[in-house]
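what follows is a predicted protein model with its sequence.
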Amino acid sequence: MKNKIRIIGGEWRSRQITVIDAPGLRPTPGRVRETLFNWLQYDIPGSRCLDLFAGSGALGFEAASRGASQVVQVENNQEACRQLHENSVHLAARQIKVVNSDVFRFLAGNSEPFNVVFLDPPFAKKMALQTCQWLEDKNWLTKTAKIYVETESDLALNGLPDNWRLLKQKKAGEVGYQLFERTGAA
């Protein structure tokens, strides 16, 4: 079964993207996306964005719609990747690159620093903290990168890189979401 979600703002405002129905795939709710992109309104235009565990691609498409110069969406589910690509073609989103890969395999490769990273791993798999550490340790972040982390609302993110500063955080039902800023090298 396929569902639709609406892009909230930017060039493709009110356009819909198709989302596959797959186990563990939870598109970031519209209310949460609206809050997040209000937080990032001055950081997105012209930025390079990395969307890890892309799933529906809602965060990456929203960033591209709002002026990101490049968005790399990394997803290991092949069917989800096909749908991400179809949505990119439908929107003529030339700034979006879809990568069908395990996130850790991708992060183990050659790094390119990104300005904004969206991190929304599957719940209950305890991948958020390790992914944050790999982003820092493997040089995937610009000096003042913004990192969005979406997890279960009751998950404590203890052990994040020392040079990450919490800017904002909120909860919406079972979802906890936080925005961090990197403040230089660890």
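Sure thing, it's come through.

and the residue nearest the centre of the chain?
F118 (2.4 Å; Cα atoms, centre = their mean).

before we move on, which element is the closest residue to that residue other than its chain neighbours in?
Excluding its sequence neighbours, the residue lying closest to F118 (Cβ to Cβ, 6 or more residues apart in numbering) is L59, at 4.1 Å. Where C-beta positions appear, they are placed from N, C-alpha and C, glycine not excepted. In the assignment (DSSP states H and E), L59 maps to helix 58-65.

so what touches that helix?
Contacts of helix 58-65 with the rest of the structure, by Cβ atoms under 8 Å, 6 or more residues apart in numbering, involve 5, 7-13, 15, 17, 19, 27-28, 33, 36-37, 40, 44, 47, 49, 51, 54, 71-73, 84, 87, 91, 93, 95-96, 116, 118, 120, 148.

again with stretch 106-115
With contact meaning Cβ under 8 Å, 6+ apart, stretch 106-115 is reached by 43, 47-50, 52, 72, 74, 99, 131, 134-135, 138-142, 145-146.

tell me what the top strand by length along the chain is packed against?
Across the chain, the longest stretch assigned as strand under DSSP state E is strand 141-152. Secondary-structure packing of strand 141-152 (3 or more Cβ pairs under 8 Å, 6 or more residues apart in numbering; DSSP states H and E): strand 114-119, helix 128-137, strand 175-182.

switch to 10 Å and redo it
Contact partners of strand 141-152 among helices and strands, from 3 or more Cβ pairs under 10 Å, 6 or more residues apart in numbering; DSSP states H and E: helix 30-39, strand 48-52, helix 58-65, strand 114-119, helix 128-137, strand 164-172, strand 175-182.

in that strand, what counts as buried?
Using 16 or more other Cβ atoms under 10 Å as the test for burial, strand 141-152 gives L141, T142, A145, K146, I147, Y148, V149, E150, T151.

what angle do it and strand 114-119 make?
Angle, strand 141-152 to strand 114-119, by axes from the mean of the first three to the mean of the last three Cα atoms, to 10 degrees: 10 degrees.

just how off-centre is strand 141-152 within its chain?
Strand 141-152 has its C-alpha centroid displaced from the chain centroid by 9 Å (Cα atoms, centre = their mean, to the nearest Å).

now swap in stretch 86-103 and tell me
13 Å.

ramachandran angles for the residue nearest to G176 when sequence neighbours are not counted?
For G176, ignoring the flanking residues on the chain, the nearest one in space by Cβ to Cβ, 6+ apart is S153 at 4.0 Å. When read as degrees, to the nearest 10, the backbone of S153 gives phi -60, psi -20.
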